[in-house]
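*Asks:* structure here, sequence nowhere to be found:
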Ligand code: NZQ
Ligand code: ZN
(Lines give C-alpha, C1' and ligand atoms only; values in the text may rest on other atoms or scores of the structure.)
(Ligands and ions follow the chains in the order given, each with its own letter.)
Protein backbone atom coordinates (compact mmCIF):
# COMPACT_ATOMS: atom_id res chain seq x y z
CA UNK A 1 0.00 0.00 0.00
CA UNK A 2 1.18 3.55 -0.75
CA UNK A 3 1.33 6.42 1.76
CA UNK A 4 -1.76 8.62 1.76
CA UNK A 5 -3.67 11.32 3.60
CA UNK A 6 -7.43 11.16 3.52
CA UNK A 7 -9.56 14.12 4.57
CA UNK A 8 -13.27 13.89 3.87
CA UNK A 9 -14.90 16.56 6.01
CA UNK A 10 -18.38 16.57 4.42
CA UNK A 11 -21.21 16.17 6.94
CA UNK A 12 -23.67 13.62 5.56
CA UNK A 13 -27.25 13.78 6.76
CA UNK A 14 -28.98 10.64 5.55
CA UNK A 15 -32.57 9.41 5.56
CA UNK A 16 -36.23 10.19 5.14
CA UNK A 17 -37.34 13.83 4.99
CA UNK A 18 -33.85 15.09 5.82
CA UNK A 19 -34.19 17.95 3.31
CA UNK A 20 -36.16 19.70 6.06
CA UNK A 21 -32.86 20.26 7.81
CA UNK A 22 -31.14 22.15 5.01
CA UNK A 23 -31.86 25.61 6.45
CA UNK A 24 -30.30 24.69 9.78
CA UNK A 25 -27.32 23.11 8.04
CA UNK A 26 -26.66 26.19 5.89
CA UNK A 27 -26.68 28.26 9.09
CA UNK A 28 -24.39 25.79 10.85
CA UNK A 29 -21.85 26.27 8.07
CA UNK A 30 -22.06 30.05 8.15
CA UNK A 31 -24.37 30.82 5.21
CA UNK A 32 -26.58 33.91 5.40
CA UNK A 33 -27.37 34.53 1.70
CA UNK A 34 -27.77 31.42 -0.43
CA UNK A 35 -27.84 30.70 -4.14
CA UNK A 36 -30.13 27.71 -4.71
CA UNK A 37 -28.84 26.04 -7.87
CA UNK A 38 -30.83 23.34 -9.68
CA UNK A 39 -31.46 21.60 -12.98
CA UNK A 40 -34.13 21.36 -15.63
CA UNK A 41 -37.19 21.13 -13.41
CA UNK A 42 -37.39 17.74 -11.65
CA UNK A 43 -36.99 19.44 -8.26
CA UNK A 44 -39.76 21.90 -9.12
CA UNK A 45 -42.16 19.14 -10.18
CA UNK A 46 -41.45 17.00 -7.11
CA UNK A 47 -42.04 19.90 -4.72
CA UNK A 48 -38.50 19.56 -3.34
CA UNK A 49 -37.54 23.12 -4.27
CA UNK A 50 -40.47 24.50 -2.26
CA UNK A 51 -39.50 22.39 0.75
CA UNK A 52 -35.91 23.64 0.53
CA UNK A 53 -37.06 27.27 0.36
CA UNK A 54 -39.38 26.70 3.33
CA UNK A 55 -36.54 25.26 5.37
CA UNK A 56 -34.31 28.27 4.60
CA UNK A 57 -37.09 30.75 5.36
CA UNK A 58 -37.84 29.08 8.70
CA UNK A 59 -34.34 29.83 9.96
CA UNK A 60 -34.19 33.32 8.45
CA UNK A 61 -31.66 32.57 5.69
CA UNK A 62 -32.12 34.69 2.56
CA UNK A 63 -31.83 33.18 -0.88
CA UNK A 64 -31.89 33.75 -4.62
CA UNK A 65 -32.14 30.99 -7.21
CA UNK A 66 -30.74 29.86 -10.53
CA UNK A 67 -32.22 26.82 -12.28
CA UNK A 68 -31.68 25.39 -15.73
CA UNK A 69 -28.47 23.39 -15.22
CA UNK A 70 -28.36 20.79 -17.99
CA UNK A 71 -26.95 17.27 -17.73
CA UNK A 72 -23.28 17.56 -18.78
CA UNK A 73 -23.37 21.09 -17.30
CA UNK A 74 -22.21 23.99 -19.44
CA UNK A 75 -19.92 26.94 -18.90
CA UNK A 76 -22.64 29.47 -19.82
CA UNK A 77 -24.68 28.64 -16.72
CA UNK A 78 -21.53 28.89 -14.58
CA UNK A 79 -20.76 32.41 -15.84
CA UNK A 80 -24.40 33.38 -15.17
CA UNK A 81 -24.16 31.99 -11.63
CA UNK A 82 -20.90 33.79 -10.85
CA UNK A 83 -22.39 37.10 -11.94
CA UNK A 84 -25.57 36.52 -9.92
CA UNK A 85 -23.63 35.59 -6.77
CA UNK A 86 -21.51 38.73 -7.01
CA UNK A 87 -24.55 40.95 -7.57
CA UNK A 88 -26.54 39.39 -4.71
CA UNK A 89 -23.62 39.05 -2.26
CA UNK A 90 -24.16 35.32 -1.97
CA UNK A 91 -22.01 33.59 0.66
CA UNK A 92 -23.20 29.96 0.32
CA UNK A 93 -24.24 27.81 -2.66
CA UNK A 94 -26.83 25.09 -2.22
CA UNK A 95 -27.07 22.61 -5.09
CA UNK A 96 -30.40 20.78 -5.27
CA UNK A 97 -30.23 17.94 -7.78
CA UNK A 98 -27.71 15.53 -9.27
CA UNK A 99 -24.04 15.60 -10.19
CA UNK A 100 -24.65 18.24 -12.87
CA UNK A 101 -26.20 20.79 -10.51
CA UNK A 102 -23.58 20.04 -7.87
CA UNK A 103 -20.68 20.36 -10.33
CA UNK A 104 -22.06 23.62 -11.68
CA UNK A 105 -22.44 24.89 -8.08
CA UNK A 106 -18.81 23.97 -7.37
CA UNK A 107 -17.64 25.82 -10.49
CA UNK A 108 -19.58 28.92 -9.49
CA UNK A 109 -18.19 28.65 -5.95
CA UNK A 110 -14.62 28.74 -7.30
CA UNK A 111 -15.35 31.40 -9.90
CA UNK A 112 -16.78 33.88 -7.39
CA UNK A 113 -13.52 33.79 -5.40
CA UNK A 114 -11.25 34.14 -8.44
CA UNK A 115 -10.38 37.22 -10.49
CA UNK A 116 -9.66 35.34 -13.71
CA UNK A 117 -11.79 33.00 -15.84
CA UNK A 118 -13.18 30.04 -13.83
CA UNK A 119 -12.23 27.80 -16.80
CA UNK A 120 -8.57 28.16 -15.76
CA UNK A 121 -9.29 25.48 -13.13
CA UNK A 122 -10.63 23.09 -15.79
CA UNK A 123 -8.00 23.76 -18.45
CA UNK A 124 -5.28 22.99 -15.90
CA UNK A 125 -3.90 26.55 -15.85
CA UNK A 126 -4.69 27.05 -12.14
CA UNK A 127 -5.38 24.83 -9.13
CA UNK A 128 -8.40 25.80 -7.03
CA UNK A 129 -7.46 27.20 -3.64
CA UNK A 130 -10.52 29.12 -2.50
CA UNK A 131 -14.27 28.72 -3.03
CA UNK A 132 -17.56 29.71 -1.47
CA UNK A 133 -18.92 26.91 0.74
CA UNK A 134 -21.18 24.45 -1.07
CA UNK A 135 -23.96 22.26 0.35
CA UNK A 136 -26.04 19.70 -1.54
CA UNK A 137 -29.47 18.09 -1.49
CA UNK A 138 -28.92 15.03 -3.69
CA UNK A 139 -31.66 13.65 -5.97
CA UNK A 140 -29.81 10.90 -7.89
CA UNK A 141 -27.27 8.32 -6.77
CA UNK A 142 -24.62 8.47 -9.48
CA UNK A 143 -21.70 10.87 -9.82
CA UNK A 144 -20.66 10.93 -6.17
CA UNK A 145 -20.13 14.68 -6.40
CA UNK A 146 -21.92 15.00 -3.04
CA UNK A 147 -18.77 13.71 -1.36
CA UNK A 148 -16.03 14.42 -3.88
CA UNK A 149 -13.64 17.30 -4.42
CA UNK A 150 -14.27 17.14 -8.16
CA UNK A 151 -16.36 19.02 -10.69
CA UNK A 152 -16.82 18.33 -14.42
CA UNK A 153 -17.96 21.11 -16.80
CA UNK A 154 -18.32 21.34 -20.59
CA UNK A 155 -17.10 24.58 -22.18
CA UNK A 156 -19.46 25.68 -24.92
CA UNK A 157 -16.55 27.09 -26.88
CA UNK A 158 -15.31 23.83 -28.45
CA UNK A 159 -17.54 21.57 -26.30
CA UNK A 160 -14.58 20.45 -24.20
CA UNK A 161 -15.61 18.42 -21.14
CA UNK A 162 -12.98 18.75 -18.43
CA UNK A 163 -12.63 18.24 -14.68
CA UNK A 164 -11.25 20.31 -11.81
CA UNK A 165 -10.29 19.01 -8.38
CA UNK A 166 -9.60 20.66 -5.06
CA UNK A 167 -10.35 20.19 -1.37
CA UNK A 168 -12.01 23.63 -1.26
CA UNK A 169 -14.93 22.38 -3.37
CA UNK A 170 -15.79 19.34 -1.28
CA UNK A 171 -19.33 20.00 -0.03
CA UNK A 172 -19.59 21.16 3.60
CA UNK A 173 -22.72 19.07 3.97
CA UNK A 174 -24.78 16.75 1.80
CA UNK A 175 -28.36 15.75 2.46
CA UNK A 176 -29.03 12.22 1.20
CA UNK A 177 -32.71 11.29 1.29
CA UNK A 178 -33.27 8.09 -0.72
CA UNK A 179 -36.99 8.94 -1.04
CA UNK A 180 -36.03 11.76 -3.40
CA UNK A 181 -34.65 9.25 -5.92
CA UNK A 182 -37.96 7.36 -6.37
CA UNK A 183 -39.08 9.77 -9.13
CA UNK A 184 -36.09 8.87 -11.32
CA UNK A 185 -36.86 7.16 -14.64
CA UNK A 186 -35.44 3.60 -14.72
CA UNK A 187 -32.92 4.65 -17.37
CA UNK A 188 -31.44 7.40 -15.16
CA UNK A 189 -31.34 5.02 -12.20
CA UNK A 190 -29.39 2.52 -14.31
CA UNK A 191 -27.03 5.22 -15.63
CA UNK A 192 -26.35 6.19 -12.03
CA UNK A 193 -25.68 2.58 -11.01
CA UNK A 194 -23.25 2.19 -13.89
CA UNK A 195 -21.34 5.33 -12.89
CA UNK A 196 -21.12 4.13 -9.28
CA UNK A 197 -19.68 0.78 -10.38
CA UNK A 198 -17.29 2.52 -12.77
CA UNK A 199 -15.95 4.70 -9.93
CA UNK A 200 -15.05 1.52 -8.07
CA UNK A 201 -13.48 -0.16 -11.11
CA UNK A 202 -11.31 2.90 -11.83
CA UNK A 203 -9.78 2.28 -8.39
CA UNK A 204 -9.92 -1.51 -8.35
CA UNK A 205 -7.64 -1.91 -11.36
CA UNK A 206 -4.31 -0.91 -9.90
CA UNK A 207 -0.65 -1.84 -10.03
CA UNK A 208 -0.29 -1.29 -6.29
CA UNK A 209 0.15 -4.55 -4.40
CA UNK A 210 -0.98 -5.50 -0.89
CA UNK A 211 -4.20 -3.51 -0.89
CA UNK A 212 -6.51 -6.18 0.51
CA UNK A 213 -8.58 -3.81 2.62
CA UNK A 214 -9.48 -1.48 -0.23
CA UNK A 215 -9.86 -4.43 -2.66
CA UNK A 216 -12.44 -5.93 -0.31
CA UNK A 217 -14.20 -2.59 0.19
CA UNK A 218 -14.42 -2.19 -3.60
CA UNK A 219 -15.84 -5.68 -3.96
CA UNK A 220 -18.42 -5.02 -1.22
CA UNK A 221 -19.69 -1.92 -3.03
CA UNK A 222 -19.84 -3.78 -6.36
CA UNK A 223 -21.67 -6.77 -4.86
CA UNK A 224 -24.21 -4.45 -3.22
CA UNK A 225 -24.81 -2.67 -6.52
CA UNK A 226 -25.31 -5.98 -8.33
CA UNK A 227 -27.84 -7.03 -5.69
CA UNK A 228 -29.72 -3.77 -5.19
CA UNK A 229 -29.91 -2.26 -8.71
CA UNK A 230 -32.32 -4.84 -10.21
CA UNK A 231 -34.59 -4.30 -7.19
CA UNK A 232 -35.07 -0.59 -7.90
CA UNK A 233 -35.43 -1.13 -11.64
CA UNK A 234 -38.30 -3.51 -10.79
CA UNK A 235 -39.77 -1.43 -7.96
CA UNK A 236 -38.72 2.26 -8.01
CA UNK A 237 -40.24 2.71 -4.54
CA UNK A 238 -38.06 0.11 -2.81
CA UNK A 239 -36.74 2.45 -0.10
CA UNK A 240 -34.17 0.08 1.39
CA UNK A 241 -32.60 -0.70 -1.99
CA UNK A 242 -32.61 3.03 -2.88
CA UNK A 243 -30.92 3.74 0.46
CA UNK A 244 -28.17 1.17 -0.10
CA UNK A 245 -27.51 2.48 -3.60
CA UNK A 246 -27.42 6.09 -2.44
CA UNK A 247 -24.80 5.36 0.18
CA UNK A 248 -22.85 3.17 -2.26
CA UNK A 249 -22.72 6.15 -4.65
CA UNK A 250 -21.05 8.28 -2.01
CA UNK A 251 -18.69 5.54 -0.78
CA UNK A 252 -17.65 4.74 -4.37
CA UNK A 253 -16.30 8.20 -5.05
CA UNK A 254 -15.22 10.05 -1.90
CA UNK A 255 -12.08 7.89 -2.23
CA UNK A 256 -12.41 5.75 0.89
CA UNK A 257 -12.17 2.69 -1.41
CA UNK A 258 -9.26 4.17 -3.37
CA UNK A 259 -6.75 5.40 -0.82
CA UNK A 260 -3.21 4.06 -0.84
CA UNK A 261 -3.46 2.68 -4.37
CA UNK A 262 -2.71 3.89 -7.87
CA UNK A 263 -5.91 4.45 -9.86
CA UNK A 264 -6.62 4.39 -13.58
CA UNK A 265 -9.38 6.81 -14.80
CA UNK A 266 -8.90 6.30 -18.55
CA UNK A 267 -12.42 4.95 -19.05
CA UNK A 268 -13.76 8.19 -17.58
CA UNK A 269 -11.61 10.34 -19.83
CA UNK A 270 -12.56 8.30 -22.90
CA UNK A 271 -16.25 8.49 -21.94
CA UNK A 272 -16.22 12.24 -21.30
CA UNK A 273 -15.53 12.75 -25.01
CA UNK A 274 -18.72 10.82 -25.83
CA UNK A 275 -20.95 12.78 -23.44
CA UNK A 276 -19.39 16.03 -24.66
CA UNK A 277 -20.10 15.23 -28.31
CA UNK A 278 -23.44 13.42 -28.08
CA UNK A 279 -24.78 14.87 -24.82
CA UNK A 280 -25.54 11.32 -23.67
CA UNK A 281 -25.73 10.42 -19.98
CA UNK A 282 -22.27 9.86 -18.50
CA UNK A 283 -23.32 6.46 -17.08
CA UNK A 284 -24.58 5.29 -20.48
CA UNK A 285 -21.28 6.27 -22.09
CA UNK A 286 -19.41 4.35 -19.40
CA UNK A 287 -21.52 1.24 -20.06
CA UNK A 288 -20.20 1.31 -23.63
CA UNK A 289 -16.58 2.19 -22.82
CA UNK A 290 -15.69 0.42 -19.59
CA UNK A 291 -16.14 -3.21 -20.76
CA UNK A 292 -14.25 -2.32 -23.97
CA UNK A 293 -11.41 -0.82 -21.92
CA UNK A 294 -11.34 -3.95 -19.71
CA UNK A 295 -11.14 -6.21 -22.76
CA UNK A 296 -8.33 -4.09 -24.24
CA UNK A 297 -6.13 -4.07 -21.12
CA UNK A 298 -6.91 -7.52 -19.68
CA UNK A 299 -3.45 -8.92 -20.54
CA UNK A 300 -1.79 -6.25 -18.40
CA UNK A 301 -2.82 -8.17 -15.25
CA UNK A 302 -4.90 -11.24 -16.03
CA UNK A 303 -4.94 -12.36 -12.39
CA UNK A 304 -6.50 -9.11 -11.19
CA UNK A 305 -9.28 -9.46 -13.76
CA UNK A 306 -9.71 -13.13 -12.78
CA UNK A 307 -9.94 -12.03 -9.14
CA UNK A 308 -12.74 -9.64 -10.08
CA UNK A 309 -14.46 -12.39 -12.05
CA UNK A 310 -14.43 -14.81 -9.11
CA UNK A 311 -15.10 -12.45 -6.22
CA UNK A 312 -17.58 -10.10 -7.86
CA UNK A 313 -19.24 -12.12 -10.62
CA UNK A 314 -19.04 -15.53 -8.97
CA UNK A 315 -17.11 -17.12 -11.87
CA UNK A 316 -15.22 -20.34 -11.28
CA UNK A 317 -11.44 -19.95 -11.46
CA UNK A 318 -9.85 -21.88 -14.31
CA UNK A 319 -6.29 -22.34 -13.02
CA UNK A 320 -5.16 -23.77 -16.37
CA UNK A 321 -6.53 -20.76 -18.22
CA UNK A 322 -6.97 -17.70 -15.96
CA UNK A 323 -7.56 -15.46 -18.98
CA UNK A 324 -10.72 -17.44 -19.73
CA UNK A 325 -11.95 -16.64 -16.21
CA UNK A 326 -10.95 -12.98 -16.62
CA UNK A 327 -12.91 -12.69 -19.88
CA UNK A 328 -15.92 -14.39 -18.27
CA UNK A 329 -15.91 -11.69 -15.60
CA UNK A 330 -15.90 -8.93 -18.23
CA UNK A 331 -18.72 -10.69 -20.10
CA UNK A 332 -20.71 -10.92 -16.85
CA UNK A 333 -20.29 -7.17 -16.32
CA UNK A 334 -21.52 -6.48 -19.85
CA UNK A 335 -24.54 -8.78 -19.38
CA UNK A 336 -25.38 -7.05 -16.12
CA UNK A 337 -25.31 -3.65 -17.83
CA UNK A 338 -27.58 -4.97 -20.57
CA UNK A 339 -29.99 -6.46 -18.01
CA UNK A 340 -30.49 -3.06 -16.37
CA UNK A 341 -31.20 -1.40 -19.72
CA UNK A 342 -27.84 0.16 -20.56
CA UNK A 343 -26.50 0.55 -24.11
CA UNK A 344 -23.37 -1.57 -24.57
CA UNK A 345 -22.06 -0.42 -27.95
CA UNK A 346 -21.71 2.66 -30.14
CA UNK A 347 -24.90 2.16 -32.12
CA UNK A 348 -27.06 1.57 -29.04
CA UNK A 349 -25.66 4.81 -27.63
CA UNK A 350 -26.24 6.70 -30.89
CA UNK A 351 -22.50 7.22 -31.43
CA UNK A 352 -20.90 7.08 -34.89
CA UNK A 353 -17.78 5.25 -36.08
CA UNK A 354 -16.97 8.20 -38.34
CA UNK A 355 -16.58 10.43 -35.25
CA UNK A 356 -13.75 8.31 -33.78
CA UNK A 357 -10.92 10.48 -35.20
CA UNK A 358 -12.55 13.57 -33.65
CA UNK A 359 -13.06 11.81 -30.29
CA UNK A 360 -9.40 10.74 -30.23
CA UNK A 361 -8.25 14.24 -31.15
CA UNK A 362 -10.19 15.98 -28.38
CA UNK A 363 -9.21 13.40 -25.75
CA UNK A 364 -6.51 15.17 -23.70
CA UNK A 365 -3.33 13.09 -23.59
CA UNK A 366 -1.14 15.56 -21.73
CA UNK A 367 2.46 16.45 -22.43
CA UNK A 368 3.84 12.90 -22.33
CA UNK A 369 1.45 11.64 -25.01
CA UNK A 370 0.30 8.92 -22.62
CA UNK A 371 -2.25 8.80 -19.85
CA UNK A 372 -3.69 6.48 -17.21
CA UNK A 373 -2.68 4.83 -13.95
CA UNK A 374 -3.18 1.08 -14.39
CA UNK A 375 -2.26 1.03 -18.08
CA UNK A 376 -0.73 4.01 -19.88
CA UNK A 377 -2.58 4.60 -23.14
CA UNK A 378 -1.48 6.38 -26.30
CA UNK A 379 -3.91 7.96 -28.75
CA UNK A 380 -3.69 4.79 -30.88
CA UNK A 381 -4.82 2.76 -27.84
CA UNK A 382 -7.69 5.17 -27.25
CA UNK A 383 -8.73 4.77 -30.88
CA UNK A 384 -8.59 0.97 -30.52
CA UNK A 385 -10.82 1.11 -27.44
CA UNK A 386 -13.42 3.23 -29.27
CA UNK A 387 -13.30 0.65 -32.09
CA UNK A 388 -13.73 -2.24 -29.64
CA UNK A 389 -16.86 -0.46 -28.39
CA UNK A 390 -18.45 -0.32 -31.86
O1 LIG B 1 -32.22 18.47 -14.52
P2 LIG B 1 -33.31 17.79 -13.83
O3 LIG B 1 -34.66 18.22 -14.24
O4 LIG B 1 -33.13 17.77 -12.33
O5 LIG B 1 -33.27 16.23 -14.32
C6 LIG B 1 -32.17 15.37 -14.09
C7 LIG B 1 -31.36 15.08 -15.35
O8 LIG B 1 -32.18 15.13 -16.48
C9 LIG B 1 -32.69 14.00 -13.74
N10 LIG B 1 -32.97 13.82 -12.32
C11 LIG B 1 -32.10 13.95 -11.29
N12 LIG B 1 -32.69 13.63 -10.14
C13 LIG B 1 -33.98 13.29 -10.46
C14 LIG B 1 -34.15 13.42 -11.84
N15 LIG B 1 -35.34 13.15 -12.46
C16 LIG B 1 -36.35 12.73 -11.69
N17 LIG B 1 -36.24 12.57 -10.35
C18 LIG B 1 -35.08 12.82 -9.71
N19 LIG B 1 -34.98 12.60 -8.38
O20 LIG B 1 -31.66 13.10 -14.10
C21 LIG B 1 -30.91 13.65 -15.17
C22 LIG B 1 -29.44 13.50 -14.87
O23 LIG B 1 -29.04 14.36 -13.83
P24 LIG B 1 -27.49 14.68 -13.62
O25 LIG B 1 -27.36 15.64 -12.49
O26 LIG B 1 -26.90 15.05 -14.92
O27 LIG B 1 -26.93 13.22 -13.22
P28 LIG B 1 -25.61 12.71 -12.58
O29 LIG B 1 -25.68 12.79 -11.10
O30 LIG B 1 -25.35 11.41 -13.21
O31 LIG B 1 -24.47 13.75 -13.03
C32 LIG B 1 -23.78 13.58 -14.24
C33 LIG B 1 -22.65 14.59 -14.36
O34 LIG B 1 -21.68 14.39 -13.32
C35 LIG B 1 -20.37 14.27 -13.91
C36 LIG B 1 -20.69 13.61 -15.23
O37 LIG B 1 -19.64 13.70 -16.15
C38 LIG B 1 -21.93 14.39 -15.68
O39 LIG B 1 -21.56 15.63 -16.24
N40 LIG B 1 -19.47 13.58 -13.00
C41 LIG B 1 -19.08 14.24 -11.89
C42 LIG B 1 -18.19 13.70 -10.98
C43 LIG B 1 -17.78 14.44 -9.78
N44 LIG B 1 -18.11 15.72 -9.68
O45 LIG B 1 -17.12 13.90 -8.86
C46 LIG B 1 -17.60 12.38 -11.18
C47 LIG B 1 -18.29 11.56 -12.22
O48 LIG B 1 -17.41 10.58 -12.71
C49 LIG B 1 -18.86 12.32 -13.37
O50 LIG B 1 -17.89 12.57 -14.38
ZN1 ZN C 1 -18.27 8.86 -13.27
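*Replies:* Yes, it's here. As the structure is a computational prediction, the values presented were derived from the model and not from experiment. Ligands and ions are numbered 1, 2, ... in the order given.

*Asks:* residue 250 reaches residue 147, doesn't it?
*Replies:* Yes: counting by Cβ atoms under 8 Å, residue 147 is a contact partner of residue 250 at 4.5 Å. C-beta here means a position set from N, CA and C on the backbone, and glycine is covered the same way.

*Asks:* give me the neighbour count for residue 362.
*Replies:* Under the neighbour criterion other Cβ atoms under 10 Å, residue 362 is assigned a count of 15.

*Asks:* to clarify, my last question referred to residue 158.
*Replies:* 9.

*Asks:* sec struct for it, please.
*Replies:* At residue 158 the chain is in coil, as set by DSSP: H, G, I helix; E, B strand; the rest coil.

*Asks:* please apply the same query to residue 164.
*Replies:* Residue 164 ends up strand, using three-state DSSP.

*Asks:* state the distance from it to ligand 1.
*Replies:* 9 Å (Cβ to the nearest ligand atom, to the nearest Å).

*Asks:* that residue contacts residue 122, correct?
*Replies:* Yes: using Cβ under 8 Å, residue 164 is in contact with residue 122, at 4.9 Å.

*Asks:* which neighbours do the two have in common?
*Replies:* Shared between the contact lists of residue 164 and residue 122 (criterion: Cβ atoms under 8 Å, 6 or more residues apart in numbering) are residues 107, 153.

*Asks:* and the residue nearest to residue 161 when sequence neighbours are not counted, how far from ligand 1?
*Replies:* Leaving out its chain neighbours, the residue that sits closest to residue 161 by Cβ to Cβ, 6 or more residues apart in numbering is residue 276, at 3.7 Å. Counting by Cβ to the nearest ligand atom, the separation of residue 276 from ligand 1 is 9 Å.

*Asks:* could I get the pLDDT score of residue 366?
*Replies:* If you check residue 366, the pLDDT there is 68.

*Asks:* same check on the one 3 residues further on?
*Replies:* At residue 369 the predicted local confidence, pLDDT, stands at 87.

*Asks:* for stretch 369-384, buried residues please.
*Replies:* 371, 372, 373, 374, 375, 377, 381, 382, 383, 384 (16 or more other Cβ atoms under 10 Å).

*Asks:* roughly how far apart are the fifth one and residue 264?
*Replies:* So that's residue 375. 7 Å (Cβ to Cβ, to the nearest Å).

*Asks:* who's in contact with the closest residue to ligand 1 within the stretch 251-390 of the chain?
*Replies:* Closest to ligand 1 within the stretch 251-390 of the chain is residue 282: 3.8 Å, counting by Cβ to the nearest ligand atom. Residue 282 makes contact with 71, 72, 99, 142, 143, 191, 195, 271, 272, 275 under the criterion Cβ under 8 Å, 6+ apart.

*Asks:* from the residues you listed, pick the one nearest ligand 1.
*Replies:* residue 99 (2.6 Å).

*Asks:* does that closest one touch residue 140 like I think?
*Replies:* Yes: counting by Cβ under 8 Å, residue 140 is a contact partner of residue 99 at 7.3 Å.

*Asks:* between the two, who's got more neighbours?
*Replies:* residue 99 (30 against 25).

*Asks:* what residues are up against the residue nearest to residue 333 when sequence neighbours are not counted?
*Replies:* The shortest distance from residue 333 to any non-neighbouring residue, by Cβ to Cβ, 6+ apart, is to residue 291 (5.7 Å). Contact partners of residue 291, counting by Cβ under 8 Å, 6+ apart, are 330, 333, 334, 337, 344.

*Asks:* can you tell me the element the third one falls in?
*Replies:* Which is residue 334. Applying DSSP states H and E as the criterion places residue 334 in helix 322-339.

*Asks:* list the buried residues in that helix.
*Replies:* Quick answer for helix 322-339 (16+ other Cβ under 10 Å): 322, 325-334, 336-337.

*Asks:* and if you look at stretch 122-135?
*Replies:* 122, 126, 128, 131, 132, 133, 134, 135.

*Asks:* could you point out the helix or strand that follows the one helix or strand residue 87 maps to?
*Replies:* Using DSSP H and E, residue 87 sits in helix 75-88. Using DSSP H and E, the helix or strand that follows helix 75-88 towards the C-terminus is strand 92-97.
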